[in-house]
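J.: Sequence first, predicted coordinates after that:
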2 protein chains.
Amino acid sequence: MKYAVIGTGAIGGYYGAMLARNGMDVHFLLHSDFHHVNEQGLRIDSINGNFNVAVKAYAKPEDMPLCDVAIVALKTTNNHLLEVLLPQVVKHTGIVVIMQNGLAVEQVAADILPQASIIGGLCFIGSTKIGPGHIKHSDFGMVSLGHYMKDESAAGITPELGLVTEDFLACGIDVKPVENLCFLRWQKLVWNVPFNGLSVVLNSSTSALLSQQNSRELIKSIMLEVIAAANACGQSLSTSMAEVMLVNTETKMQGYAPSMKVDYDHNRPLEINAIYQSMIDRAARSGADMKLARMLAQQLRFLSRDDAQ
Amino acid sequence: MKYAVIGTGAIGGYYGAMLARNGMDVHFLLHSDFHHVNEQGLRIDSINGNFNVAVKAYAKPEDMPLCDVAIVALKTTNNHLLEVLLPQVVKHTGIVVIMQNGLAVEQVAADILPQASIIGGLCFIGSTKIGPGHIKHSDFGMVSLGHYMKDESAAGITPELGLVTEDFLACGIDVKPVENLCFLRWQKLVWNVPFNGLSVVLNSSTSALLSQQNSRELIKSIMLEVIAAANACGQSLSTSMAEVMLVNTETKMQGYAPSMKVDYDHNRPLEINAIYQSMIDRAARSGADMKLARMLAQQLRFLSRDDAQ
């Protein structure tokens, strides 16, 4: 299949380079890095071995071929660009893989391309863009893929999900297809909601937040609030997941800066709507009042001078 | 009556100096400022006119006379000193005026001197210690006094409250005796709980916090939580008080730094137990779960590296 990558940063750059390096036909849309990548390709410094790969780079979506699959790895704060971009780079009956944080982030693409298959991707990876077309991959690399259903039901392993999974596997990507994307989105929020926000508000790494009793208890309270909201929304998450995640974070992610902390430190817009607001609104529709998550979102909007509702 | 002042800072220094200047017999216990104040007295730069006053200064409580009234204006974080101090400076059937922030902060003195009359003082004043024995009084100055009752009932205007009120009035202090101290303590918490904590966590003045929609809504949510808790505890506070306080803060207290923000910026311990914990615990005993206040207290403990429960 022919792939388009929209958003060639830490995530799109890494997975796109893995696909291109292993023989897939991948077309990268670039903005500020276009000239650099067009001339020198992508450079990946990876725990699995460094590599360079020459790629097909484009500065404008209208120059790109209409692909079978578009990988969307923009920050959700740039999703307003998709309405113009997506129809130019992927067939209207094609596949869109949304590699973004948050809840129901797939709906934007589903609205733009109602006949396309939308797949959500959750990446468990430590990667950072450290220069033009230059990505450092420092931890993990697994990506879970699930077919998006607007009604939040489990889609199962659909043919489209199977095709993308096959390609990813063939390129050495650790990919795990899942039957219920919505469940997985909520599960990831259990971690993302406390750690992303508190790392910004309290200006601290995950290990600093876990090193004190009070912040550890606060993190756990927020996790339990997310789990309760998920259950109110019909996804059976267990409360024991909170303690498991805390211990895993302590033992396996020493001193990690969540993506929102990295964004904040670089004065980039924060993904408050994707990670917090859509969850809070969804929970409210099922009668769950997320007081702690809302307070954290309000603090984040204050700090980032983002007065959107 | 003979007065002892324990804690000669922004509050104790100002009110003590007002009493001494107007002829009351006032004895000041000092620590680091002893030599300076013993030689040069207290200096007050006040919106009502600057003045200097020579005072009776002491470095040790055992050198002080046994007074009729002790004014306690220490930070609550130093309240552990009172057990040794109080019995040395005030008669065991005397009067103790607690000029501190928080809920039930009078109980410490009531436990130490069970036969004394304990009066709570709530100061509505902008004052800062800007040098040894040197206090700047920049705003307001009113103090509300109420007789403390362990059972939280309204004591009315007791004879002891009358005596202190008379002395304060005679010295030109704007004093207002109240019948129900507990009601007033809760009322002040409606302001103190959101503004003290958020000014530290979000590193902002009151006017910055009110200038954005999201932080303003958060402040109001916290105020409403305190009002609901007060009502659960039997004090009839109206929800309309929240909006009134917000507007008053916007119009009358431009750019004010709450006392906890001043403490934090000077690396002093924060009054988390007095302003947050005792309120949260009291509310819990009446079945009110203060989720927002607890989250704020946990954030404050993290930032001040205070892992006390």
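T.: Now that the structure is in, tell me what you want to look at. Residues are numbered from 1 along each chain as shown, chains lettered A, B, ... in the order given.
J.: tell me the pLDDT at A:D139?
T.: Confidence at A:D139, expressed as pLDDT, is 87.
J.: and it, helix, strand or coil?
T.: Recorded secondary structure, A:D139: strand (DSSP: H, G, I helix; E, B strand; the rest coil).
J.: can you pull the contacts of it?
T.: By CB atoms under 8 Å, 6 or more residues apart in numbering or on different chains, A:D139 lies in contact with A:I47, A:I125, A:G126, A:S127, A:M253. Just so you know, the C-beta spots here come from the backbone N, C-alpha and C atoms, and that holds for glycine as well.
J.: same thing but 6 Å
T.: A:G126 (CB atoms under 6 Å, 6 or more residues apart in numbering or on different chains).
J.: That one bridge partners, please.
T.: A:G126 (DSSP bridges).
J.: how much space is there between it and A:F124?
T.: In this structure, A:D139 lies at 9 Å from A:F124, with CB to CB, to the nearest Å as the measure.
J.: and what of A:D151?
T.: When A:D151 is compared with A:F124 (using CB to CB), they lie 26 Å apart.
J.: A:Y264 now?
T.: Taken as CB to CB, the span from A:Y264 to A:F124 is 21 Å.
J.: okay, the two: which has more neighbours?
T.: Between A:Y264 and A:F124, counting by other CB atoms under 10 Å in any protein chain shown, A:Y264 is the more crowded of the two (21 against 14).
J.: Double-check that the more buried one belongs to a strand.
T.: No: assessed with three-state DSSP, A:Y264 is helix; it does not lie in a strand.
J.: ok, now which ones touch it?
T.: A:V200.
J.: got the contact list for the closest residue to chain B within the stretch 1-150 of chain A?
T.: Distances between the stretch 1-150 of chain A and chain B by CB to the nearest CB are smallest at A:T77, namely 16.5 Å. Neighbouring residues of A:T77 by CB under 6 Å, 6+ apart: A:P269.
J.: Tell me the secondary structure at it.
T.: helix.
J.: where do the helices sit along the stretch 1-150 of chain A?
T.: A:12-21, A:34-40, A:82-89, A:107-112 (DSSP state H, counting those that start in this stretch).
J.: ok, and which of those has the densest surroundings?
T.: helix A:12-21 (a mean of 25; mean count of other CB atoms under 10 Å in any protein chain shown).
J.: So for A:S215, which of the helices of the stretch 1-150 of chain A sits nearest?
T.: Closest to A:S215 of the helices of the stretch 1-150 of chain A, according to CB to CB: helix A:12-21, at 30.9 Å.
J.: Now find how far off-centre that closest one is within its chain.
T.: 15 Å (CA atoms, centre = their mean, to the nearest Å).
J.: now that helix: mean pLDDT?
T.: On average, helix A:12-21 scores 98.
J.: and it, what does it pack onto?
T.: strand A:2-6, strand A:25-29, strand A:42-46, strand A:51-53, strand A:134-147 (3 or more CB pairs under 6 Å, 6 or more residues apart in numbering or on different chains; DSSP states H and E).
J.: okay, the angle between the second one and strand A:2-6?
T.: Counting by axes from the mean of the first three to the mean of the last three CA atoms, to 10 degrees, strand A:25-29 points 20 degrees away from the direction of strand A:2-6.
J.: Over to the longest one?
T.: With the same axes, to 10 degrees as the basis, strand A:134-147 and strand A:2-6 are set at 120 degrees to each other.
J.: Identify each buried residue in strand A:134-147, please.
T.: For strand A:134-147, a neighbour-count test (16 or more other CB atoms under 10 Å in any protein chain shown) marks A:H134, A:I135, A:K136, A:H137, A:G141, A:V143, A:S144, A:L145, A:G146, A:H147 as buried.
J.: out of those, which one sits closest to B:S278?
T.: Nearest member of those to B:S278, counting by CB to CB, is A:S144, at 46.2 Å.
J.: could you list every residue that touches the closest one?
T.: So, once contact is read as CB under 6 Å, 6+ apart, A:S144 ends up touching A:L122, A:K176, A:V178, A:L184.
J.: ok, now A:M253?
T.: A:T206.
J.: Count residues in the vicinity of the closest residue to A:I275 other than its chain neighbours, would you?
T.: Of all residues not flanking A:I275 in the chain, A:G102 sits nearest, at 5.0 Å (CB to CB, 6 or more residues apart in numbering or on different chains). When neighbours are counted by other CB under 10 Å, A:G102 registers 23.
J.: which residues touch A:G102?
T.: Contacts of A:G102 by CB under 6 Å, 6+ apart are A:T76, A:A274, A:I275.
J.: In a helix, the second one, correct?
T.: Yes: the assignment for A:A274 is a helix, going by three-state DSSP.
J.: Touching, it and A:T76? I think so.
T.: Yes: in this structure, A:A274 is within contact of A:T76 by CB atoms under 6 Å, at 3.8 Å.
J.: overlap in contacts of the two?
T.: Joint contacts of A:A274 and A:T76 (CB under 6 Å, 6+ apart) are A:G102, A:V105.
J.: What's the separation between the residue sitting nearest the centre point of chain A and B:V53?
T.: Chain A has A:Q100 as the residue nearest its centroid, 2.5 Å off, counting by CA atoms, centre = their mean. As for A:Q100, its distance to B:V53 is 66 Å (criterion: CB to CB).
J.: Listing request: residues of the stretch 201-309 of chain A with sub-threshold pLDDT.
T.: A:254, A:307-309 (pLDDT under 70).
J.: quick revisit: any idea which of the contacts of A:S144 is closest to B:A57?
T.: A:L122 (67.0 Å).
J.: The closest one bridge partners, please.
T.: A:S144.
J.: Up against chain B, what does the stretch 151-300 of chain A have?
T.: A:L202, A:Q212, A:Q213, A:N214, A:S215, A:L218, A:K291, A:L292, A:M295, A:Q298 (CB under 6 Å from any CB of the partner chain).
J.: Looking at those residues, which two lie furthest apart in space?
T.: A:Q213 and A:Q298 (24.8 Å).
J.: Which one's more surrounded, the two?
T.: Set A:Q213 next to A:Q298 and count neighbours by other CB under 10 Å: A:Q298 wins out with 23 against 14.
J.: so which helix or strand takes in that one?
T.: helix A:291-303 (DSSP states H and E).
J.: Which strands and helices lie in contact with that helix?
T.: Using 3+ CB pairs under 6 Å, 6+ apart: helix A:291-303 touches helix A:181-201, helix A:272, helix B:213-232, helix B:291-303.
J.: Run through the neighbouring helices and strands of the first one.
T.: Judged by 3+ CB pairs under 6 Å, 6+ apart, the packing partners of helix A:181-201 are strand A:117-131, strand A:134-147, helix A:213-232, helix A:259-265, helix A:291-303.
J.: let's go with 7 Å and repeat that
T.: With contacts defined as 3 or more CB pairs under 7 Å, 6 or more residues apart in numbering or on different chains; DSSP states H and E, helix A:181-201 has these neighbours: strand A:117-131, strand A:134-147, helix A:206-211, helix A:213-232, helix A:240-252, helix A:259-265, helix A:291-303.
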